[in-house]
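Visitor: Have a look at this prediction, sequence included:
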Amino acid sequence: MTSPDETRRIPLRIRLPFSTEAEFIEKYGVHLAPGGLFIPTRASKPEGTALSLEVVLADGARVMRAEGVVERVVADEQPGKGGMLVRFTRIDAKTRALLDQVTALREGVAPEPPATQPSAPEPPAPPKAPSPPPPPAAQKGKPPLADDVVLGIDLGTTTCRVAVVQDGVPRLITIPSERSVAMPSVVALDTGKSRLLVGSAARKHRVDHPEQTIVGFKRLMGRRARSKKVKEIASKVSFPIVADMEGDVGVELGGRTYALPDFAAMLLRELKNAAQEHLHREAYRAVLCVPAWYTDHQRAAVLEAGRQADLEILSLLNEPSAVALAFGFGRGLARKRVLVYDLGGGTFDASVVEITGDDIEVVSTGGDIFLGGLDFDTRLADALIGTMDEPARDRLLESRMTVERVRDAAEIAKCTLSEKTEALVRVPFVAQDDAGKPVDLHVNIERSFLEANTQDLVERTVEVTQVVLDAAKLTPQHLDEVLLVGGQSRSPAIRKRLEAVLGRAGRNDVDPQGAVALGAALFGHALVQKERGKRGLALAEVLGSPIGVAVRGGGLRRVLERNTRLPATKTLAVPVEAGKPLGLAVFQGAAPQAIDNEYLGALRVTFDRPGEAQLRFSLSGDGRLTVTAASPTGKQAEVTFATADAPEAVHAELLAQSPLPGGDDPGTSTRSSGLFRAINKLFGR
């Protein structure tokens with residue numbers, strides 16, 4: 001057999017319906033061997049195909065990660081006996097330990113310690129940021145939730161924060177390495193010392209090494225590397241974007257590919273360590289905030305980052321909801337309908353929320369994950385460069401380092417113009433003239449210059465806000481308050497424009513940058529109170545963007561609509577044939593064509609009877625997806641959900657065999673579901 005091209009591995013992520021690693025070993029161990037595994041499937045890859053393989057449990061926890069080659073394809077001569085035999089070429093330490101455990105159990109002996117030289121080379125783990133050792137309390141084990149303190153974390157695009165509730169009051173925690181409550185969401189590779197930097201140290205590194213500094217990765221986390229949107233912005237960032245082992249956006253640094261959750265985990269560890277130092281105890285649990293428009297796959301990436309940081313994530317909380325919690329806390333409000341306008345460093349969310357005392361109900365939500373302060377910085381930087389003579393401008397644009405210096409200066413000027421009407425921008429030696437003499441960027445700009453070059457960005461936020469109001473069938477007159485949060489919301493142009501559109505000024509008594517973390521801490525504290533038998537706050541969320549399946553012709557049949565109240569369950573009736581595998585591509589987004597949305601994965605299931613099967617799509621209270629299937633006889637069927645296939649390949653394959661024609665008939669029925677937790681049988685998050 002010819003050796004496969006190792007540069008063209010197909011990423012394959014298999015989610016199995018097991019709740020624990022022990023259950024996985026018991027029920028799937030028969031397919032495992034020290035040198036490889038057997039994957040039961042009717043959609044085998046050709047022999048010789050190189051794979052990047054990950055196997056995860058129902059809650060998304062990884063149990064195996066490896067690279068391998070399809071050694072042999074086994075024909076499906078008997079039901080459930082077909083599949084492909086994959087030979088390992090590379091495995092990580094955890095997978096090696098698991099295989100040793102399976103082998104030992106099979107032979108009835110105790111597992112041996114891991115060999116110092118494993119039979120397959122292990123992929124190097126990303127280096128961790130330096131952090132202080134855990135406090136002595138770590139040795140005592142995790143306390144019950146009723147006795148714990150839950151961290152509230154805002155993992156922002158440009159800065160991140162952590163908060164806790166102490167003495168009944170939410171407080172932001174100072175991060176010792178930053179001497180501030182905010183840490184830049186930046187990671188960089190220091191090649192000289194072969195280590196990764198985080199926070200301010202990484203941000204300083206960006207000045208001289210922009211190609212080794214990762215900024216704004218929250219926008220890309222959990223997105224497919226081959227997606228249309230990622231391809232559009234790949235040329236606009238300073239760092240090299242590649243596909244990670246799962247087919248998601250990764251970054252190549254120092255010849256190594258990093259998954260974006262690896263970077264997020266580094267930031268989370270620093271926040272966790274700061275909290276532990278503040279609390280003088282170990283921190284085990286947290287509530288993490290995400291943009292309301294984050295897809296199921298993006299939420300899974302955030303959960304993976306939390307897992308790597310050794311944090312139990314009790315819930316994912318939408319950022320506008322966190323803001324509403326921070327605003328309503330302790331006010332005893334009697335049914336206030338508020339608009340949360342959250343324009344942060346990299347994302348924009350708008351939500352209509354009803355607050356009654358400590359109860360929060362989201363009515364409608366929307367947003368733009370590629371709109372934020374970073375875009376305002378870029379616009380101003382481009383305009384500043386445009387003031388230079390053409391020869392000097394062309395030479396400046398040839399240097400990525402110099403462009404980043406101008407962007408840094410633009411950000412400072414933008415912040416200055418939020419307080420003043422003029423700002424001086426001076427960046428020395430940005431180019432050379434024809435005589436070889438240094439040329440400085442030296443210009444005095446007025447606030448009107450900034451506003452003229454960013455007016456369309458402001459209008460995009462207004463358009464999204466109007467869509468959110470329209471979806472709830474509300475007018476500005478139905479709003480009681482407008483909450484402006486996120487650093488970019490401090491812009492006078494934004495405040496003035498919104499006041500003109502909504503007929504009221506935004507509240508200025510809400511911390512525009514700390515409210516998200518404070519709200520998350522309050523929600524975490526409410527979970528503790530509930531565990532103690534006390535009534536805490538109640539939160540009702542809605543789905544940020546539709547979820548559906550691809551149909552013949554390339555369209556998207558929506559199964560769960562935007563603004564669906566959570567938790568929720570909806571069933572999709574699908575015609576099936578006995579013994580013939582059913583395959584459907586699942587997407588999330590509002591575009592009518594499936595491929596223009598975010599690809600969530602390929603759903604595959606086989607039934608033993610012909611007829612009409614029922615696929616149940618369920619969403620938890622924090623927007624995580626579960627799919628189960630019932631055969632035409634009502635018997636539960638096993639669903640596999642591979643989330644790392646290349647979207648283009650899946651799109652072509654599954655559309656060709658989809659049993660669902662295009663058209664408007666959804667063939668679905670709806671009923672509400674009870675609250676179910678991540679431990680449920682779910683293929684999603």
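Guide: Perfect, I can see it now.
Visitor: okay, and for this protein, where does confidence drop off?
Guide: The chain contains residues with pLDDT under 70 at 1-8, 76-81, 106-140, 640-659, 661-685.
Visitor: change it to 50
Guide: 1-7, 77-80, 109-139, 646-647, 664-685 (pLDDT under 50).
Visitor: need the helices for it, in chain order.
Guide: For the chain, applying DSSP state H gives helices covering 21-28, 93-107, 200-206, 228-233, 260-279, 296-308, 319-328, 373-386, 390-397, 400-419, 447-471, 492-502, 515-531, 647-657.
Visitor: ranking those by burial, who's on top?
Guide: Highest mean neighbour count among these (mean count of other C-beta atoms under 10 Å): helix 319-328, with a mean of 28. Bear in mind the C-beta positions are built from the backbone N, C-alpha and C, glycine included.
Visitor: list the helices and strands it packs on?
Guide: When contacts are defined as 3 or more C-beta pairs under 8 Å, 6 or more residues apart in numbering; DSSP states H and E, helix 319-328 sits against strand 150-155, strand 285-290, strand 336-343, strand 348-356, strand 359-368, strand 481-485, helix 515-531.
Visitor: distance of Phe217 from Val198?
Guide: Separation of Phe217 from Val198 (C-beta to C-beta, to the nearest Å) stands at 12 Å.
Visitor: oh sorry, the question was meant for Val468
Guide: From Val468 across to Val198, the span is 34 Å (C-beta to C-beta).
Visitor: Please render the helices and strands packed on helix 319-328 as JSON lines that adds distance to Asp248 to the earlier fields.
Guide: Formatted as JSON lines, these follow (distance: least, C-beta to C-beta, whole Å):
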{"stretch": "strand 150-155", "distance to Asp248": "17"}
{"stretch": "strand 285-290", "distance to Asp248": "16"}
{"stretch": "strand 336-343", "distance to Asp248": "25"}
{"stretch": "strand 348-356", "distance to Asp248": "22"}
{"stretch": "strand 359-368", "distance to Asp248": "20"}
{"stretch": "strand 481-485", "distance to Asp248": "28"}
{"stretch": "helix 515-531", "distance to Asp248": "24"}
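Visitor: got JSON lines for the helices of the chain, with distance to Leu253 too?
Guide: Output for those, formatted as JSON lines (distance: least, C-beta to C-beta, whole Å):
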{"stretch": "helix 21-28", "distance to Leu253": "31"}
{"stretch": "helix 93-107", "distance to Leu253": "21"}
{"stretch": "helix 200-206", "distance to Leu253": "12"}
{"stretch": "helix 228-233", "distance to Leu253": "18"}
{"stretch": "helix 260-279", "distance to Leu253": "10"}
{"stretch": "helix 296-308", "distance to Leu253": "17"}
{"stretch": "helix 319-328", "distance to Leu253": "28"}
{"stretch": "helix 373-386", "distance to Leu253": "20"}
{"stretch": "helix 390-397", "distance to Leu253": "24"}
{"stretch": "helix 400-419", "distance to Leu253": "15"}
{"stretch": "helix 447-471", "distance to Leu253": "30"}
{"stretch": "helix 492-502", "distance to Leu253": "35"}
{"stretch": "helix 515-531", "distance to Leu253": "28"}
{"stretch": "helix 647-657", "distance to Leu253": "25"}
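Visitor: So for Ala61, which of those helices sits nearest?
Guide: Nearest to Ala61, of all those, is helix 296-308, at 6.5 Å by C-beta to C-beta.
Visitor: between the closest one and strand 150-155, how many degrees?
Guide: Helix 296-308 and strand 150-155 are oriented at 120 degrees to each other (axes from the mean of the first three to the mean of the last three C-alpha atoms, to 10 degrees).
Visitor: Check which helices and strands helix 296-308 is in contact with.
Guide: helix 260-279, strand 285-290, strand 312-318, strand 598-605.
Visitor: out of the helices of the chain, nearest to Gly222?
Guide: Per C-beta to C-beta, nearest to Gly222 of the helices of the chain: helix 296-308, 3.3 Å.
Visitor: residues in contact with the closest one?
Guide: Helix 296-308 is contacted from outside by 60-62, 155, 221-224, 248, 260-262, 264-265, 268, 286, 288, 290, 294, 312-313, 316, 547, 588, 598-601, 622-625, 643, 684-685, using C-beta atoms under 8 Å, 6 or more residues apart in numbering.
Visitor: mind running it again at 7 Å?
Guide: Identification of contacts with helix 296-308 by C-beta atoms under 7 Å, 6 or more residues apart in numbering yields 60-61, 221-223, 248, 260-262, 264-265, 268, 286, 288, 290, 313, 316, 588, 598, 600, 623-625, 643, 684-685.
Visitor: One more: stretch 233-245?
Guide: Here stretch 233-245 has contacts from 11, 52, 54, 65, 210-211, 213-214, 225, 230, 249-252, 257, 259, 400, 404, using C-beta under 7 Å, 6+ apart.
Visitor: For those residues, which ChimeraX command selects only the ones that are buried?
Guide: The following ChimeraX line selects those of these that are buried, judged by 16 or more other C-beta atoms under 10 Å:
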select :11,52,54,65,210,213,214,225,230,249,250,251,257,259,404
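Visitor: Mark which of the contacts of stretch 233-245 are part of strands, please.
Guide: Residues from the contacts of stretch 233-245 lying in strands, with DSSP state E as the criterion: Pro11, Ser52, Glu54, Arg65, Thr213, Ile214, Val249, Gly250, Val251, Glu252, Thr257, Ala259.
Visitor: any idea which of these is the one closest to Ser364?
Guide: Using C-beta to C-beta, these come closest to Ser364 at Val249, 29.1 Å.
Visitor: Redo the helices and strands packed on helix 296-308 as JSON lines? Include distance to Asp359.
Guide: Shown next, in JSON lines, are those (distance: least, C-beta to C-beta, whole Å):
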{"stretch": "helix 260-279", "distance to Asp359": "28"}
{"stretch": "strand 285-290", "distance to Asp359": "17"}
{"stretch": "strand 312-318", "distance to Asp359": "15"}
{"stretch": "strand 598-605", "distance to Asp359": "31"}
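Visitor: right, and the ones you listed - which one's nearest Glu71?
Guide: strand 598-605 (21.3 Å).
Visitor: Could you report the separation of Arg497 from Asp382?
Guide: Arg497 sits 21 Å away from Asp382, going by C-beta to C-beta.
Visitor: ditto for Phe348
Guide: Using C-beta to C-beta, we find Phe348 at a distance of 20 Å from Asp382.
Visitor: now Arg507
Guide: In this view, Arg507 and Asp382 are 33 Å apart by C-beta to C-beta.
Visitor: Gly48 too?
Guide: Separation of Gly48 from Asp382 (C-beta to C-beta) stands at 48 Å.
Visitor: ditto for Glu71
Guide: Going from Glu71 to Asp382 by C-beta to C-beta gives 53 Å.
Visitor: cool, Ser185 as well?
Guide: From Ser185 across to Asp382, the span is 23 Å (C-beta to C-beta).
Visitor: can you check Ala500 too?
Guide: According to C-beta to C-beta, Ala500 and Asp382 sit 27 Å apart.
Visitor: What of Asp167?
Guide: Going from Asp167 to Asp382 by C-beta to C-beta gives 48 Å.
Visitor: same thing with Arg179?
Guide: 33 Å.
Visitor: now swap in Leu625 and tell me
Guide: Distance from Leu625 to Asp382, by C-beta to C-beta: 39 Å.
Visitor: ok, now Leu279?
Guide: Separation of Leu279 from Asp382 (C-beta to C-beta): 45 Å.
Visitor: got it, and Glu361?
Guide: Applying C-beta to C-beta to Glu361 and Asp382 gives a distance of 42 Å.
Visitor: Kindly report the same for Arg532.
Guide: Using C-beta to C-beta, Arg532 is found at 54 Å from Asp382.
Visitor: again, but for Val230
Guide: Taking C-beta to C-beta, one finds Val230 at 21 Å from Asp382.
Visitor: picking that back up, pick the most buried one from the helices and strands packed on helix 319-328.
Guide: strand 150-155 comes out most buried of those by mean count of other C-beta under 10 Å, with a mean of 28.
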